[in-house]
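**Student:** Give the three-dimensional model of this entry:
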Amino acid sequence: IDGGLNWSEQFINTDYPLITVYMHNSLKGVCLSSGGCIASTVNGGNAWNNQSLGIFNSLYDIEFLNENKGFAVGYHGMILTTNDGGDGWLINDSTTNEALFDICFVNEATGWIFGNNGTIFHTNDSGNTWADQSISGSYYTFLTASFIDELNGWALDFEGYLLKTENGGNDWISAYNFYAEGFRGMCFVDSLYGWVCRSSQIFHTTDGGYNWQEIYSYGTQFRKIIFKNRLKGWAIGGNKVFLTTDGGLTWTVHSIDIIDEIIDIIFLDDDIAWACCSGGTILYTGNACETWHLIDQYDNKLLQSITFPDYDHGWICGEGATILHINNGSTVGIREKENFEAKKVDISLYPNPARDFLNVKLEENYLQKFNVEIYDLSGKKVDQYDQLNNPCINIDISTYPEGVYILRLYNQEFEQSGKFVKAK
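**Tutor:** Numbering: from 1, shown residues only. Okay, here's the model as predicted:
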C-alpha cells in the first residue's frame with residue numbers, strides 16, 4: 001500500500017514451490033507452481049483459487065497475451081491454454097514428450113516455445129495452433145531465448161550452443177559455441193547487439209551473435225542480465241547489482257549488505273528497482289542502485305520471482321506457497337508473526353491534497369504510543385516522529401516539495417500506511 005515499504009503475505013493452498021506469478025493488472029492474475037498447480041486471483045491476491053487440472057507435471061513458465069489469453073508450459077510436453085484470465089485451463093494436444101522451459105512472444109500473434117532436446121514450437125495465430133520447428137536429432141536444452149521482432153531471434157542452450165533464426169524460426173543456424181555450460185541469462189536489444197552471462201563471466205556480441213568477446217568477469221555467479229539499449233544494462237550475481245553505461249565494458253558494482261543471493265530483479269525505470277532474495281529479503285532502490293534499502297525479510301523463505309505491472313502494485317512469489325503483495329491505496333493485511341495478532345486501527349489523512357499542514361487522525365479510543373515515518377516516492381525518508389500518543393496530530397509539511405508522499409504509522413500492535421499529496 002506504500003510503494004513497497006511494507007508487504008503483506010498471501011498464501012496459496014499448495015505444497016509445491018511457486019515458480020512464477022503473472023498479473024494482468026492490479027487485481028487479476030495467476031500464479032504457477034511445480035506439480036501442475038495453477039492458482040488465479042481477481043482481487044489483487046487477497047484470495048487465490050487453486051485449480052485442479054488433473055495433472056502432476058511440473059510447470060516451468062507462463063505468459064499472457066492480454067488479460068484473458070495465456071499459456072503455461074512444463075514437463076512431458078505440457079502446454080496449457082486459458083481464455084478467461086486463468087479461471088479455467090485447457091490441455092493442448094502436444095506432439096512431444098520433452099520438457100518445455102520457456103515461452104517467448106513478440107506480439108499478441110507471434111510466439112515460440114522452447115524445450116529439451118531441440119524442441120521448438122511456433123505460433124502466428126495467438127497460440128490457436130502450434131507449428132513444430134524442432135531441430136531433429138539434437139540434444140539442445142533451451143532454457144532461454146530472445147526475440148527482437150517476428151523474424152530475428154536467438155535460443156541459448158544450457159551447454160553454450162547459440163542458435164539464430166532470421167526467418168521466424170523456419171530455419172535455425174548455429175551462430176556460436178561457447179564450449180562451456182551454465183548459461184543463465186541472455187538479452188538482445190537489436191539485430192546486432194546482445195549479451196549473455198554464465199558463472200562469473202559476461203560476453204558481448206556486436207554482429208548478431210556470430211562472434212563473442214568476454215568483456216567482464218567477477219567472482220560471483222551471474223544469474224540475470226538486462227539491457228535497456230546498447231549502452232545501459234544491469235546484471236545480478238550473489239549479493240551484488242552491476243550497472244553499466246558503456247555497453248558492458250566497465251561495470252559499477254553495488255554490494256548490498258546481505259548474506260542472501262539476489263534471485264530476481266525488476267527495474268521500473270532508470271532509478272527505481274526491486275529485488276527479491278534467497279533468504280526472504282526484499283530490497284528497494286530509488287536512486288539508480290546507489291543505495292539499497294532492506295524493506296523486509298520473510299522467515300528465510302526463498303523468494304523466486306518478482307513482478308510490477310505499474311509503480312504501485314507488486315507481487316513476489318516464493319517457497320512455502322507464499323505470495324507477497326502491495327496494493328496502492330488500501331491495506332491488504334499485515335504479515336503474521338508467531339504470538340502476534342495484528343490490530344485493526346482506522347486512520348484518516350486530511351486535507352488531501354494539503355498545502356501547509358496535514359492532519360493525521362486515528363480512531364478515538366486508540367491511546368497507545370506510535371511512530372510516524374514519511375517517505376517520498378523514491379523511497380527516501382523525509383520525516384519521522386517517535387512515541388506519539390495523541391490520536392489526532394498535525395504535521396507541518398509547508399517545506400516539503402510538491403508531490404506525492406507515503407505516511408506510515410506503526411507500533412508493536414499495528415502498522416498502517418496512507419498516501420497524501422503536497423500541493424503548491
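**Student:** Tell me where the stretch 251-400 of the chain has strands.
**Tutor:** 252-255, 262-267, 273-277, 281-285, 293-297, 303-307, 314-318, 322-326, 347-350, 357-362, 370-376, 381-388, 392-396 (DSSP state E, counting those that start in this stretch).
**Student:** Compare the mean pLDDT across the ones you listed and name the weakest.
**Tutor:** The weakest mean pLDDT among the strands of the stretch 251-400 of the chain belongs to strand 322-326, with a mean of 51.
**Student:** from the strands of the stretch 251-400 of the chain, which stretch is densest packed?
**Tutor:** Among the strands of the stretch 251-400 of the chain, strand 314-318 has the highest mean neighbour count (mean count of other C-beta atoms under 10 Å), at a mean of 27. (Each C-beta comes from the backbone N, C-alpha and C, glycine too.)
**Student:** For Cys289, which non-adjacent residue is spatially closest?
**Tutor:** Excluding its sequence neighbours, the residue lying closest to Cys289 (C-beta to C-beta, 6 or more residues apart in numbering) is His254, at 4.6 Å.
**Student:** whoops, I mixed them up, Ile236
**Tutor:** That would be Ile262: by C-beta to C-beta, 6+ apart, it lies 4.6 Å from Ile236.
**Student:** now Gly137
**Tutor:** For Gly137, the closest residue by C-beta to C-beta, 6+ apart turns out to be Gly118, at 7.6 Å.
**Student:** Name the spans of the stretch 1-150 of the chain whose pLDDT lies under the cut-off.
**Tutor:** 1-59, 67, 85-88 (pLDDT under 70).
**Student:** Helices along that one, start to end?
**Tutor:** With DSSP state H, counting those that start in this stretch, there are no helices along the stretch 1-150 of the chain.
**Student:** The residue nearest to Ile236 pairs with what?
**Tutor:** Cys277 (DSSP bridges).
**Student:** was I right about it contacting Phe242?
**Tutor:** No - if you go by C-beta atoms under 8 Å, Ile262 and Phe242 don't touch, sitting 10.6 Å apart.
**Student:** anything in contact with each of the two?
**Tutor:** Ile236 (C-beta atoms under 8 Å, 6 or more residues apart in numbering).
**Student:** coming back round to it: and the residue nearest to Gly137, what does it touch?
**Tutor:** Contacts of Gly118 (C-beta under 8 Å, 6+ apart): 134-140, 142.
**Student:** which one of those has the most neighbours?
**Tutor:** The residue in the contacts of Gly118 with the most neighbours, by other C-beta atoms under 10 Å, is Phe142 (25 neighbours).
**Student:** The residue lying closest to that residue once chain neighbours are set aside: neighbour count?
**Tutor:** Spatial nearest neighbour of Phe142, excluding adjacent residues (C-beta to C-beta, 6+ apart): Phe114 at 3.7 Å. Neighbour count of Phe114, defined by other C-beta under 10 Å: 28.
**Student:** Spatially central residue in the protein, please.
**Tutor:** Ile306 (2.4 Å; C-alpha atoms, centre = their mean).
**Student:** I'd say that one and Cys277 touch.
**Tutor:** No - between Ile306 and Cys277 there is no contact under C-beta under 8 Å: 10.0 Å.
**Student:** coming back round to it: please report how far the residue nearest to Phe142 lies from Val196.
**Tutor:** Phe114 is 15 Å from Val196, where distance means C-beta to C-beta, to the nearest Å.
**Student:** what does Ala288 give?
**Tutor:** 24 Å.
**Student:** When the two are compared, which one has more neighbours?
**Tutor:** Neighbour comparison, Ala288 and Val196: the larger count goes to Val196, with 27 against 16 (by other C-beta under 10 Å).
**Student:** Go ahead and confirm that one touches Phe183.
**Tutor:** Yes - counting by C-beta under 8 Å, Phe183 is a contact partner of Val196 at 5.8 Å.
**Student:** Now do the shared contacts for those two.
**Tutor:** Joint contacts of Val196 and Phe183 (C-beta under 8 Å, 6+ apart) are Leu156.
**Student:** can I get the CA coordinates of stretch 210-222 in CSV?
**Tutor:** Provided in CSV are the C-alpha atoms of stretch 210-222 (Å, rounded to 0.1, in the frame of the first residue of the first chain):
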residue,chain,number,x,y,z
TYR,A,210,28.4,-14.8,-34.7
ASN,A,211,31.4,-13.6,-32.6
TRP,A,212,31.5,-13.0,-28.9
GLN,A,213,34.0,-11.4,-26.6
GLU,A,214,34.3,-11.8,-22.9
ILE,A,215,34.0,-8.3,-21.6
TYR,A,216,33.8,-8.8,-17.9
SER,A,217,34.4,-11.3,-15.2
TYR,A,218,33.8,-11.2,-11.5
GLY,A,219,34.0,-13.6,-8.6
THR,A,220,30.3,-14.3,-8.4
GLN,A,221,27.7,-16.4,-10.1
PHE,A,222,25.8,-14.2,-12.6
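**Student:** got the contact list for it?
**Tutor:** Counting by C-beta under 8 Å, 6+ apart, residues outside stretch 210-222 touching it are 175-176, 178, 184-185, 196-205, 235-238, 240, 242, 248-249, 251, 253, 261.
**Student:** list the buried ones in it?
**Tutor:** By neighbour count with 16 or more other C-beta atoms under 10 Å, stretch 210-222 contains the buried residues 212, 215-216, 218, 220, 222.
**Student:** hang on, the earlier thing: what's the spacing between the residue nearest to Cys289 and Gly418?
**Tutor:** From His254 to Gly418 the distance is 31 Å (C-beta to C-beta).
**Student:** again with Glu214
**Tutor:** 50 Å.
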